[in-house]
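Visitor: structure, please.
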Amino acid sequence: LNRFGLENSVIDVKKLAVNNSDILLAIGKRPSASSDSLAKPDTTAGWHINASEVALSQMGFKMDDDNSTRLATGIDYSHLHFLNGTINLHHFIYTGDTISGDVKHFSGTEQSGLDVKELRTVFNYDQHGANLKNLYFQTPSTLLQNHLEAHYPSLTALQKNIRLLRLNINLENSILGIQD
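Guide: Predicted coordinates:
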């Protein structure tokens with residue numbers, strides 16, 4: 001641990017290694033705003049988390065957002081459940097508006113049936129888009145490799161006008177399995 005500061009919401013870790021554990025993230029119901037309440041914008045800076053290396057093996061990860069109804073089919077990003085997850089991640093950064101890192105290895109099975117055999121990529125997601133460089137994603141029936149990029153002015157602008165989305169996709173020697 002390089003630094004842990006509650007006063008300025010900073011965590012800086014050299015290496016985090018965890019084996020044979022389960023992680024549960026539960027997001028409870030948000031109270032509905034009444035018409036007489038005054039909503040104040042959140043002005044806190046949020047957490048800044050840095051990790052030089054994260055190594056998790058034989059992990060279970062379950063995330064449930066009680067503000068979203070469950071999907072009947074497919075991957076439900078509001079209700080994820082991965083089993084037997086393993087990840088080796090370098091240069092991980094998390095802030096209020098950015099997540100980035102270098103995934104050296106990820107594998108695991110999601111409750112929807114998605115079986116990730118191998119995922120490697122250098123990724124970045126921020127308020128203006130996302131990119132996956134040096135991508136290698138393999139399931140029993142899919143292989144995607146090379147580069148995916150999406151850019152937009154903001155998520156709010158994108159919801160109003162999908163034509164603001166700019167994609168840069170370069171998939172070489174790739175196969176998309178219908179099952180996935």
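Visitor: contacting residues for residue 144?
Guide: Residues touching residue 144, when contacts are defined by Cβ atoms under 8 Å, 6 or more residues apart in numbering, comprise 135-138, 171, 174, 176. Where C-beta positions appear, they are placed from N, C-alpha and C, glycine not excepted.
Visitor: now residue 126
Guide: Shown in contact with residue 126 (Cβ under 8 Å, 6+ apart): 97-100.
Visitor: ditto for residue 23
Guide: Residues counted as contacts of residue 23 (Cβ under 8 Å, 6+ apart) are 59-62.
Visitor: out of the contacts of residue 126, which end up buried?
Guide: Taking 16 or more other Cβ atoms under 10 Å as the criterion, what is buried in the contacts of residue 126 is residue 100.
Visitor: now, which of the contacts of residue 126 sits nearest residue 22?
Guide: Residue 22 has its nearest neighbour among those in residue 99, at 21.9 Å by Cβ to Cβ.
Visitor: which pLDDT does the model give the closest one?
Guide: In this prediction, residue 99 carries a pLDDT score of 95.
Visitor: look up how far residue 160 lies from it.
Guide: Between residue 99 and residue 160 the computed distance is 24 Å (Cβ to Cβ, to the nearest Å).
Visitor: cool, and residue 4?
Guide: When residue 4 is compared with residue 160 (using Cβ to Cβ), they lie 40 Å apart.
Visitor: now residue 69
Guide: Going from residue 69 to residue 160 by Cβ to Cβ gives 24 Å.
Visitor: likewise for residue 9?
Guide: Counting by Cβ to Cβ, the separation of residue 9 from residue 160 is 32 Å.
Visitor: please apply the same query to residue 166.
Guide: The value you get for residue 166 to residue 160, if Cβ to Cβ is used, is 16 Å.
Visitor: check residue 17 too.
Guide: Distance of residue 17 to residue 160, computed by Cβ to Cβ: 44 Å.
Visitor: so residue 91 is in which element?
Guide: strand 79-94 (DSSP states H and E).
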